[in-house]
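1. Pasted the sequence and its predicted model underneath.
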Amino acid sequence: MKIFVIAVALLFTSTYTYAQEGLKIGVQGGIPFNDFNDEVGVVLGANVGYMWALGEVVDLGIMAGYTYGFPEKFGTDNPLVDLPSVQFAPLALSARIWPSNSFSFGIDVGQALAINQGNNGGLYYRPQIGFLMSANTELNISYSAIVLEEKEWNTLTLGILFTIPSKRSY
């Protein structure tokens with residue numbers, strides 16, 4: 001029984017020693033496809049959030065962001081056609097699973113608020129795969145979708161995420 005108690009205590013201590021907890025700041029860029037392919041040329045975004053480590057394997061958190069779709073200019077021969085930009089502010093819950101020390105996969109799920117006119121926002125989800133490049137820097141590949149009333153926003157992005165670790169006092 002003593003060995004079991006010691007093992008559980010060591011597991012609990014090591015879980016918080018090596019956790020991926022902290023403030024997350026990220027940027028990403030990519031391309032749209034499907035319904036917005038003819039309206040938007042390139043997509044840029046930024047996110048900020050906080051993740052709490054539930055152990056060495058699972059992180060849960062919150063995220064807020066801004067996504068900007070630059071209007072497509074190629075193929076618009078008519079000078080009277082001025083396509084608008086497409087802008088969203090996603091608010092989401094985040095989950096990450098770390099099967100190894102340098103690889104993660106997860107998803108953000110929430111609501112994307114509309115910023116531009118003629119856009120009502122919708123259900124937001126963003127599955128992603130991350131590769132740890134250093135202790136606090138991650139490269140990620142993601143697919144994002146926003147389910148709108150008549151269309152669906154779909155992008156494929158490449159991003160970089162920086163973590164500012166939380167300072168815990170144990």
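-> Okay, I see it.
2. residues in contact with the closest residue to residue 124 other than its chain neighbours?
-> Spatial nearest neighbour of residue 124, excluding adjacent residues (Cβ to Cβ, 6 or more residues apart in numbering): residue 112 at 3.9 Å. Every residue, glycine included, has its C-beta placed from N, CA and C. Residues in contact with residue 112 (Cβ atoms under 8 Å, 6 or more residues apart in numbering) are 67, 88, 89, 90, 91, 121, 122, 123, 124, 146, 153.
3. helix, strand or coil for residue 112?
-> strand (DSSP: H, G, I helix; E, B strand; the rest coil).
4. Identify the bridge partners of it.
-> residue 90, residue 122 (DSSP bridges).
5. For it, give me the pLDDT.
-> Looking at residue 112, its pLDDT stands at 96.
6. do the same with residue 73
-> 71.
7. mind checking the SS state of it?
-> coil.
8. What about it, how many residues nearby?
-> 10 (other Cβ atoms under 10 Å).
9. Name the nearest residue to it, sequence neighbours excluded.
-> residue 41 (6.7 Å).
10. Can you give me the distance of the one you found to residue 29?
-> Residue 41 sits 12 Å away from residue 29, going by Cβ to Cβ, to the nearest Å.
11. Next secondary structure after the helix or strand bottoming out on mean pLDDT in the chain?
-> One helix or strand of the chain scores below all others by mean pLDDT, DSSP states H and E: helix 2-17, with a mean of 44. The helix or strand immediately downstream of helix 2-17 is strand 22-34, counting by DSSP states H and E.
12. roughly how far is that following strand from the heart of the chain?
-> 6 Å (Cα atoms, centre = their mean, to the nearest Å).
13. buried sites along that strand?
-> Within strand 22-34, the residues scored as buried using 16 or more other Cβ atoms under 10 Å are 22, 24, 26, 28, 30, 32.
14. do stretch 110-127 as well
-> 110, 112, 113, 114, 119, 121, 122, 124, 125, 126.
15. Can you verify residue 156 is assigned to a strand?
-> Yes: judged by three-state DSSP, residue 156 forms part of a strand.
16. I figured it was touching residue 33, is that so?
-> Yes: contact criterion Cβ atoms under 8 Å: residue 156 and residue 33 qualify, at 6.9 Å.
17. so residue 155 bridges to which residues?
-> residue 32, residue 144.
18. For burial, what's the neighbour tally of it?
-> 24.
19. Hmm, it is touching residue 35, no?
-> No: in this structure residue 155 lies outside contact range of residue 35 using Cβ under 8 Å: 11.2 Å.
20. can you list the buried residues of stretch 110-127 in a markdown table and add distance to residue 61?
-> Formatted as a markdown table, those follow (distance: Cβ to Cβ, whole Å):
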| residue | distance to residue 61 |
| --- | --- |
| 110 | 12 |
| 112 | 18 |
| 113 | 19 |
| 114 | 24 |
| 119 | 27 |
| 121 | 21 |
| 122 | 22 |
| 124 | 15 |
| 125 | 15 |
| 126 | 13 |
